[in-house]
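Asks: Sharing a sequence plus its predicted fold:
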Amino acid sequence: MRNKIFAIVLMCCAVGFLYSGYGLVTAWNTYISAALCYETIQDQKKLEDLVSIEAKTGDVQPEDNLTHTMKQINADYIGWITIGDTKIDYPIVHSNPKKNYLDHDFYGNRSVYGTLFIRHGQKLFENRNTVIYGHNMKDGGMFATLKRYLEKSWFDEHPDVQIRYDGQAVNCKVFSVQIISENNDYPYADRFNDVEYSTFLNEMVQLSRIIPGELPDPEYPIITLSTCYGQKRLIVMAQSKEERENGIETITDR
């Protein structure tokens, strides 16, 4: 009788183990599939970069092949974000009421990775604060690396966030990293007059977990990278003080 009970218990445990194992394998395959999707897009970006380099002759600038190619894949494409020495090397899209980029990839397929996106109505560097949203993936994909900015050494060694858009490459210096409540929307604000914006930047520096090496300038816009952090949010703020072809180096009152 005891042997029969033991056998039944053992069988139940085996079934449970196999079921759990199947669930883990399925989940892992989902992550792998999502990651491969973006590896394909990254390979396409590298190819377009090579084409652009070969097309350069003297001072003549080639057509922005990257933007053209990405818009053919997804008309919502607006730019590309890269942080050196990390997995963050992804396209950015405009939020679209007809698409949910929280659970759809750049090709429009359902994906745990989703797609990095900015709010509908915002434009890169044309708002005082452009917010880019992305998931904090368990496999280290999308915006998972942002949590490393909570480490002083990492913060100091990875000060630059590069944004490519409209044929331009803009380097932004990180100046604030914060863990905030999911109900705190203040860091996402994007409409200020000059005085309010200056105050906002000072507050963001004071609230930063790490003291920045370079302070933000109220004459220039910022970007805010936002991701989940447990039951809270992690934000990384950066600013470019470079002049851009569209002439947006200062912002007037709104």
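Replies: Yep, it's here.

Asks: The residue lying closest to Asp217 once chain neighbours are set aside: what's it in contact with?
Replies: Once flanking residues are discounted, Asp217 sits nearest to Lys241: 5.8 Å by Cβ to Cβ, 6 or more residues apart in numbering. Glycine gets a C-beta too; all of them are placed from N, C-alpha and C. Taking Cβ atoms under 8 Å, 6 or more residues apart in numbering as the criterion, Lys241 is in contact with Lys173, Asp217, Glu219, Tyr220.

Asks: On the secondary structure side, give me the element for Lys241.
Replies: Using DSSP states H and E, Lys241 falls within no helix or strand.

Asks: now Thr199
Replies: Taking DSSP H and E as the definition, Thr199 sits inside helix 194-206.

Asks: how about that helix: buried residues?
Replies: For helix 194-206, the neighbour count (16 or more other Cβ atoms under 10 Å) marks Tyr197, Phe200, Leu201, Met204 as buried.

Asks: So which elements touch that helix?
Replies: Counting by 3 or more Cβ pairs under 8 Å, 6 or more residues apart in numbering; DSSP states H and E, the packing neighbours recorded for helix 194-206 are strand 168-181.

Asks: let's go with 10 Å and repeat that
Replies: In this structure, helix 194-206 makes packing contacts with strand 129-133, strand 168-181, strand 222-229, strand 232-239, judged by 3 or more Cβ pairs under 10 Å, 6 or more residues apart in numbering; DSSP states H and E.

Asks: Compute the inter-axis angle for that helix and strand 129-133.
Replies: Inter-element angle recorded for helix 194-206 and strand 129-133: 40 degrees (by axes from the mean of the first three to the mean of the last three Cα atoms, to 10 degrees).

Asks: Export only the CA atoms of helix 194-206, formatted as PDB.
Replies: Listed next in PDB are the C-alpha coordinates belonging to helix 194-206 (Å, rounded to 0.1, in the frame of the first residue of the first chain):
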ATOM      1  CA  ASP A 194      10.800  79.300 -19.200                       C
ATOM      2  CA  VAL A 195      10.700  79.700 -15.400                       C
ATOM      3  CA  GLU A 196       8.800  76.400 -14.900                       C
ATOM      4  CA  TYR A 197      11.200  74.500 -17.100                       C
ATOM      5  CA  SER A 198      14.300  75.800 -15.300                       C
ATOM      6  CA  THR A 199      12.700  74.800 -12.000                       C
ATOM      7  CA  PHE A 200      11.800  71.400 -13.300                       C
ATOM      8  CA  LEU A 201      15.300  70.600 -14.400                       C
ATOM      9  CA  ASN A 202      16.800  71.700 -11.100                       C
ATOM     10  CA  GLU A 203      14.300  69.400  -9.300                       C
ATOM     11  CA  MET A 204      15.100  66.500 -11.500                       C
ATOM     12  CA  VAL A 205      18.800  66.900 -10.700                       C
ATOM     13  CA  GLN A 206      18.200  67.100  -7.000                       C
END
